[in-house]
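Undergrad: Give the three-dimensional model of this entry:
(one chain, ligands or ions: 1)
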Amino acid sequence: MRMLLIHSDYLEYEVKDKALKNPEPISEEQKKGRLEEVLAVFISVEKVDETNPDEVVEKAVNEIKDVASQVKAENVFVYPFAHLSSELAKPDIALEVLREVEEKLREEGFNVKRAPFGYYKAFKLSCKGHPLAELSRTIVPSG
Ligand SMILES: Nc1ncnc2c1ncn2[C@@H]1O[C@H](COS(=O)(=O)NC(=O)[C@@H](N)CO)[C@@H](O)[C@H]1O
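TA: As a prediction, this is how the structure comes out:
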């Protein structure tokens with residue numbers, strides 16, 4: 001899994017077209033989203049993650065918690081992003097992993113949004129620009 005973490009004044013998105021034949025079903029209200037004072041986490045789920053998705057979810061959540069506490073962010077935006085890797089996991093596995101990252105972060109007490117999966121989206125992001133505002137992490141299953 002590849003993650004790009006951007007501590008931002010805000011992240012907002014708007015769904016445009018389908019990028020997959022069968023994108024995640026979404027409600028009208030999910031077609032747009034915005035969070036302020038947010039740790040935006042752009043995630044590419046990779047083929048190698050398919051060997052142990054649960055372990056990758058746990059490691060990702062721990063990394064996100066660590067960065068969020070360093071930058072003092074309580075809001076987290078999980079953003080499916082297929083452009084951080086050339087070895088992408090299959091969409092159904094990727095969606096499951098992203099849903100679990102979202103759920104576990106919420107269980108940890110964060111205010112979490114997840115951008116819809118399988119769509120082209122317009123987005124605006126305002127990076128804060130402090131030394132820890134732009135970070136990346138690579139996570140692989142140990143198995
Ligand atoms: N492995 C993945 N990790 C994260 N997001 C993914 C992944 N696979 C698909 N997606 C989601 O599905 C969208 C389209 O995925 S894509 O790989 O860019 N494009 C396609 O698969 C099709 N255009 C056929 O190539 C992405 O924008 C993202 O929302």
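Undergrad: Show the average pLDDT along the longest helix seen in the chain.
TA: As assigned by DSSP state H, the longest helix anywhere in the chain is helix 53-71. For helix 53-71, the mean per-residue pLDDT is 98.
Undergrad: how far does whichever helix or strand comes after that helix sit from the chain's center?
TA: Toward the C-terminal end, the helix or strand that comes next after helix 53-71 (DSSP states H and E) is strand 75-80. Averaging C-alpha coordinates over strand 75-80 and over its chain gives two centres that are 4 Å apart (Cα atoms, centre = their mean, to the nearest Å).
Undergrad: Going by neighbour count, list what's buried in strand 75-80.
TA: By neighbour count with 16 or more other Cβ atoms under 10 Å, strand 75-80 contains the buried residues 75-80. Heads up, the C-betas are built off the backbone N, CA and C, glycines and all.
Undergrad: near the ligand, from those?
TA: When the buried residues of strand 75-80 are filtered against the ligand using Cβ under 6 Å from any ligand atom, the residues retained are Pro80.
Undergrad: how many other residues sit next to Ala82?
TA: Other residues within reach of Ala82, judged by other Cβ atoms under 10 Å, total 18.
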